[in-house]
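[1] Quick one: sequence and predicted model below, then my questions.
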Amino acid sequence: MRYLSIYLSIYLSMPLATAARRNREASSLDIANRILEKFPLIDGHNDLPYQIRLKGTVGSIDLNSRLDKIYNVSHTDIPRLRAGKLAAQFWSTYVDCDSQYKDAVKKSLEQIDIVKNFVAKYPDTFQFVTSAQGIKDAFKNHKIGCLAGLEGGHSIDSSLGALRMFYDLGVRYMTITHSCNTPWADNWKTDIDKSWEFNGLSPFGEKVIKEMNRLGMLVDLSHVSKQTMADSLRVTRAPVIFSHSSAFTYCNHYRNVQDDILKLTKENGGVVMVNFFNLYINCYPHNQTRTTLQQVAGK
């Protein structure tokens with residue numbers, strides 16, 4: 001009888017524990033929602049323009065619908081952006097490395113055109129912005145501020161003139177490399193096999209950083225080699241960003257940021273915008289275990 005009483009006590013307490021956990025989660029969500037209603041949440045990297053370019057045109061895709069149920073590829077659409085209370089989004093204008101020395105500039109222009117087209121198509125939701133004040137204005141208007149970022153220095157075809165033209169079109173950050181070298185900077189893959197071509201930035205690469213500083217374009221160090229990170233942090237006179245990277249000490253992937261670079265980034269006043277992709281958090285790309293905030297923070 002004593003064992004039955006213990007069993008019943010445990011059994012009956014389970015719903016109470018579940019209810020308590022749900023209450024805690026609901027309370028935490030309420031707190032998060034209140035914070036997000038007051039302070040703008042900015043996402044540093046989103047490949048939706050590339051997905052649109054692969055799947056069709058802006059006119060053929062309805063962002064008011066759940067795109068994951070249509071294409072089973074995108075994590076982004078207006079219902080989920082609103083549910084997540086996103087205030088501003090850097091849309092990545094990514095073009096593949098195979099386009100380097102060929103049509104990277106043209107493809108990048110087409111990606112920016114896609115961003116501007118879907119902003120124009122959904123004016124009640126999106127507002128194209130190019131400054132911190134623009135983000136604040138969009139937030140006040142209950143719209144999602146939209147900014148453009150070039151994901152890969154190959155998009156400028158080693159031309160400072162092209163860099164300036166992209167700035168005039170509204171681009172506000174450039175990732176110095178993607179997963180391939182530019183003619184003036186090493187990418188992260190060179191750290192794996194120590195196949196550095198420039199051992200960081202070339203002299204022209206330093207000119208690119210300085211021109212970005214002059215223009216007011218953010219230097220994005222995701223995807224670059226460790227020495228390119230260090231050289232960029234040495235040359236830059238403005239805070240940098242890592243638009244989608246995580247901590248190397250927690251997950252030893254060369255796309256992540258090592259401790260000495262994190263220290264330099266702190267001194268620079270820069271920001272590491274954590275990448276939630278499993279490969280950069282727990283080092284297993286197909287691990288379906290739910291990533292927790294403790295894991296993201298490396299605790």
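    Yep, that arrived.

[2] For the chain, which residues score under the pLDDT cut-off?
    Where the chain drops to pLDDT under 70, the residues are 1-26, 71-73, 285-299.

[3] what about 50?
    2-12, 16 (pLDDT under 50).

[4] secondary structure class for the residue most central in space within the chain?
    In the chain, the C-alpha nearest the mean C-alpha coordinate belongs to H45, at 2.5 Å (C-alpha atoms, centre = their mean). Three-state call for H45 (DSSP: H, G, I helix; E, B strand; the rest coil): strand.

[5] Might one say that it is in contact with L147?
    No - using C-beta atoms under 8 Å, H45 is not in contact with L147; the gap is 10.9 Å. Every residue, glycine included, has its C-beta placed from N, CA and C.

[6] what's the overlap in contacts for these two?
    In terms of C-beta atoms under 8 Å, 6 or more residues apart in numbering, H45 and L147 are both contacted by the residues F90.

[7] Show me how this structure divides into domains.
    Split into domains by automatic domain parsing, the chain comes to 1-32, 59-296.

[8] Let me know which of these is tucked in deepest.
    Neighbour counts averaged per stretch over the domains of the chain are highest for domain 59-296, at a mean of 18; criterion: mean count of other C-beta atoms under 10 Å.

[9] possible to save the domains of the chain as CSV with distance to F39?
    As requested, those are arranged in CSV below (distance: least, C-beta to C-beta, whole Å):
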stretch, distance to F39
domain 1-32, 11
domain 59-296, 8
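
[10] mind listing the strands for the stretch 51-200 of the chain?
    Secondary structure of the stretch 51-200 of the chain, counting by DSSP state E, counting those that start in this stretch: strands at 88-94, 126-128, 144-151, 171-175.

[11] List the strands paired with the third one, with their directions.
    In this case it means strand 144-151. strand 88-94 (parallel), strand 126-128 (parallel), strand 171-175 (parallel) (DSSP bridges).

[12] I78 is nearest to which of the ones you listed?
    Between I78 and the strands paired with strand 144-151, the tightest spacing by C-beta to C-beta is seen for strand 126-128, at 8.6 Å.

[13] Quick one: closest of the domains of the chain to Q51.
    Nearest to Q51 among the domains of the chain is domain 59-296 (5.3 Å), distances taken as C-beta to C-beta.

[14] re earlier: with distance to L36 as extra columns, can I get the strands of the stretch 51-200 of the chain in CSV?
    Written out in CSV, the entries for those read as follows (distance: least, C-beta to C-beta, whole Å):
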stretch, distance to L36
strand 88-94, 12
strand 126-128, 17
strand 144-151, 12
strand 171-175, 22
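
[15] picking that back up, if we compare the domains of the chain, which one ends up closest to K38?
    In this view, these are compared for proximity to K38 by C-beta to C-beta, and domain 59-296 is the closest at 9.7 Å.

[16] any idea how far the residue nearest to the centre of the chain is from L218?
    H45 sits 12 Å away from L218, taking C-beta to C-beta, to the nearest Å as the criterion.

[17] Overlap in contacts, these two.
    When contacts are counted by C-beta under 8 Å, 6+ apart, H45 and L218 have G149 as shared neighbours.

[18] what ranges do the helices span in this structure?
    The residue ranges that make up the helices of the chain, judged by DSSP state H, are 2-38, 48-55, 67-70, 78-83, 104-121, 132-140, 160-168, 190-193, 203-215, 226-235, 259-268, 278-281, 293-296.

[19] Which one, of the ones you listed, ends up nearest to T182?
    Nearest to T182 among the helices of the chain is helix 203-215; the distance by C-beta to C-beta comes to 7.6 Å.

[20] contacting residues around the closest one?
    153, 156, 158, 160, 163-164, 167, 174, 176, 182-185, 198, 201, 218-219, 228, 231-232, 235-238.
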